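>>> Fold the following and give me the result.
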Amino acid sequence: MEYFIKDYTWKLNPNENIVSEITKGISRNDGHCPSSNTGEDTKCPCSNYRLHDHCCCNLYVKKTINELIEEAANSESVIDGGNIVSWGEDITTIA
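Numbers count the residues shown, from 1 in each chain. You can find the predicted model right below:
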């Protein structure tokens, strides 16, 4: 299975057992979310995750604020109010 990380604020669940079980459930469900997903499109990655910023099955989890701060500190860019500010460059809005 290929994983789809929506944007920099999300990551694959770091618990390998959870990922393994969810992936098995997705396979058993012909590619559909194994949880109680009521979204418009339940095929993984589902519309709740892609469009509404919510992963029903916990395959994808939000990064903690500390993880985001650490990534920003180790990057040549800074995230500022929904914008990425690269040192010495113009502000580029995140789509």
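>>> Find the helix or strand that the closest residue to Arg28 other than its chain neighbours is a member of.
Here the nearest residue to Arg28 in space, its sequence neighbours aside, is Pro34; by C-beta to C-beta, 6 or more residues apart in numbering that works out to 7.1 Å. Heads up, the C-betas are built off the backbone N, CA and C, glycines and all. Here Pro34, judged by DSSP states H and E, is contained in no helix and no strand.
>>> do the same with the one 5 residues further on
With the criterion set as DSSP H and E, no secondary-structure element contains Gly39; it sits in neither a helix nor a strand.
>>> what's the neighbour count on it?
Residues lying near Gly39 (other C-beta atoms under 10 Å) number 16.
>>> What are the buried residues along the helix or strand encompassing Glu21?
Secondary structure here is read from DSSP H and E; on that basis Glu21 sits in helix 16-28. By 16 or more other C-beta atoms under 10 Å, the buried positions in helix 16-28 come out as Val19, Ile22, Thr23, Gly25, Ile26.
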